[in-house]
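> please work out how this folds:
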Amino acid sequence: MSSKTITVKLKKSVITSNPRQKACVKGLGLGKTGTERTLENTPAVRGMIKKVIHLLEIKE
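Numbering: from 1, shown residues only. The predicted structure is shown next:
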């Protein structure tokens, strides 16, 4: 079960990010700094994570 999910935590603010990066963070279900979500490990989610990897902390 854990191999099909991935946990992401927003560790940096999106305040200086461009609108596309902000949209990716919102699409991942993250809002304020420090929020954490457990998501399905799909290619779409992986792509969004790749765009904002510098803002996130990832636990598989």
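> end to end on stretch 50-60, go ahead and measure it.
End-to-end span of stretch 50-60 (C-alpha to C-alpha, to the nearest Å): 14 Å.
> can I assume residue 6 sits in a strand?
Yes: under DSSP: H, G, I helix; E, B strand; the rest coil, residue 6 sits within a strand.
> that one: neighbour count?
By other C-beta atoms under 10 Å, 18 other residues sit near residue 6. For glycine as for every other residue, the C-beta is placed from the backbone atoms N, C-alpha and C.
> any idea how far residue 56 is from the nearest residue to it once chain neighbours are set aside?
Spatially, and ignoring its direct neighbours in sequence, residue 6 is nearest to residue 41 (4.7 Å; C-beta to C-beta, 6 or more residues apart in numbering). Shown here: residue 41 relative to residue 56, a distance of 14 Å by C-beta to C-beta, to the nearest Å.
> when those two are compared, which one has more neighbours?
Counted by other C-beta under 10 Å, residue 41 and residue 56 do not tie: residue 56 has more neighbours, with 19 against 13.
> confirm residue 37 sits in a helix?
No: counting by three-state DSSP, one finds residue 37 to be strand, located in no helix.
> and it, how many neighbours?
Using other C-beta under 10 Å, the number of residues around residue 37 comes to 14.
> now do the contacts for it.
Counting by C-beta atoms under 8 Å, 6 or more residues apart in numbering, residue 37 makes contact with 7-8, 28-30.
> now swap in residue 14 and tell me
So residue 14 contacts 21-22, 25, 52, 55 (C-beta under 8 Å, 6+ apart).
> where does pLDDT dip in this protein?
For the chain, applying pLDDT under 70 flags the ranges 1-2.
> having no further points to raise, I will conclude here.
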